[in-house]
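Student: Have a look at this fold, sequence not included:
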Ligand SMILES: NC(=O)C1=CN([C@@H]2O[C@H](COP(=O)(O)OP(=O)(O)OC[C@H]3O[C@@H](n4cnc5c(N)ncnc54)[C@H](OP(=O)(O)O)[C@@H]3O)[C@@H](O)[C@H]2O)C=CC1
Ligand SMILES: [Mg+2]
């Protein structure tokens, strides 16, 4: 039986029309050049008993189990997490761009899902990515970790913010740090980047920054952050070593925990702990 027939058989078993396959989007390919597609079965959009029954049926038929996307992203290996992140962002984008904003007519997806076109005026819509800077600020010996009220309990991270229209990354870093904690950036340098599919598709651009010597007093913007504080290298190194939210919450041995390994914030913090002498460029 061909893969297509097998898929159609499964979809019909789960009460779905095989026409839904046309909505799938290309997210990558294997080393053997087999194309990988993602498809949204829409089970999350309904809280009906029917949807939950289907979920149970799918779990049995495919010998798997549904877990929260945010959790899955941090539990999979890098390659699979990246495929999942692409699938989530691309499928959400298609779902939110069903109509042309000029003509109001339905738009049409191309086969791979890399764009949508309005048949009435040929306007092409491409998936959007919002740039976000995430910066680990240091005063030379300590680093600044922050908490938003939306973070999981006890988690601290680096400072993040969306780029405004017309800004360079450097300007965003300076503005966000001034707005959220009242500090002036002296030097900054780029570290790495990561695609992040929440709340919509973002490109997280990770940087290290240092503040002007002697200017480390924080003015925390409580509309944006729940807390912000300086931590020594030893404190952060200890938390990184024991980084497991359930362990520390039970024992109370460490006062906070950090984002999991696959989060770019984790990589930034680890880099700072391991390379204390890296010297950033002037901003
Ligand atoms: N992977 C990681 O390690 C981490 C990832 N992040 C991600 O970074 C992102 C940005 O961090 P955050 O501190 O929230 O950003 P900001 O500090 O920029 O604050 C968020 C606010 O910015 C406004 N905003 C401006 N542009 C956008 C846009 N394109 N989409 C949504 N909101 C926008 C909104 O304000 P208003 O409501 O007034 O319109 C929103 O409430 C988050 O989405 C978060 O998921 C954050 C930390 C760690
Ligand atoms: Mg922020």
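Tutor: Now that the structure is in, tell me what you want to look at. Computed from a predicted model, the values in this text were never measured in an experiment. Ligands and ions are numbered 1, 2, ... in the order given.

Student: need the residues of the stretch 151-283 of the chain near ligand 2, please.
Tutor: 160-161 (CB under 5 Å from the ion). For every residue, glycine as well, the C-beta is placed using N, CA and C.

Student: hey, where'd the helices end up in the stretch 151-283 of the chain?
Tutor: Using DSSP state H, counting those that start in this stretch, the helices of the stretch 151-283 of the chain run over 169-181, 233-241, 245-251, 264-274.

Student: Show me which residues of stretch 8-22 are buried.
Tutor: Going by neighbour count (16 or more other CB atoms under 10 Å), the buried part of stretch 8-22 is 8, 11, 16.

Student: which stretch in the helices of the stretch 151-283 of the chain is the model least sure about?
Tutor: Per-stretch mean pLDDT for the helices of the stretch 151-283 of the chain is lowest at helix 245-251 (a mean of 53).

Student: Phi, psi for residue 122 please.
Tutor: The phi and psi values for residue 122, taken as degrees, to the nearest 10, are phi 60, psi 20.

Student: about what we covered before: closest to residue 55 out of the helices of the stretch 151-283 of the chain?
Tutor: helix 245-251 (25.8 Å; CB to CB).

Student: Tell me which residues touch the residue of the stretch 51-200 of the chain found nearest ligand 2, please.
Tutor: In the stretch 51-200 of the chain, the residue that lies nearest ligand 2 is residue 161 (4.3 Å; CB to the ion). Contact partners of residue 161, counting by CB atoms under 8 Å, 6 or more residues apart in numbering, are 132-133, 172, 175-176, 179-180.

Student: Which PyMOL command selects the buried ones in those residues?
Tutor: To isolate the buried members of the contacts of residue 161 in PyMOL, using 16+ other CB under 10 Å:
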select buried, resi 132+133+172+175+176+180
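
Student: nearest to ligand 1, of the contacts of residue 161?
Tutor: Proximity of those to ligand 1 (CB to the nearest ligand atom) peaks at residue 132, which lies at 4.5 Å.

Student: May I have the beta-bridge partners of the residue nearest to the spatial centre of the chain?
Tutor: Centroid check for the chain by CA atoms, centre = their mean gives residue 196 as the closest residue, at 2.4 Å. Note on residue 196: beta-bridge partners by DSSP bridges are residue 202.

Student: what do you get for residue 29?
Tutor: Beta-bridge partners, per DSSP bridges, of residue 29: residue 35.

Student: That one reaches residue 83, doesn't it?
Tutor: No: counting by CB atoms under 8 Å, residue 29 stays clear of residue 83, with 10.3 Å between them.

Student: Which neighbours do those two have in common?
Tutor: Common contacts of residue 29 and residue 83, defined by CB under 8 Å, 6+ apart, comprise residue 36.
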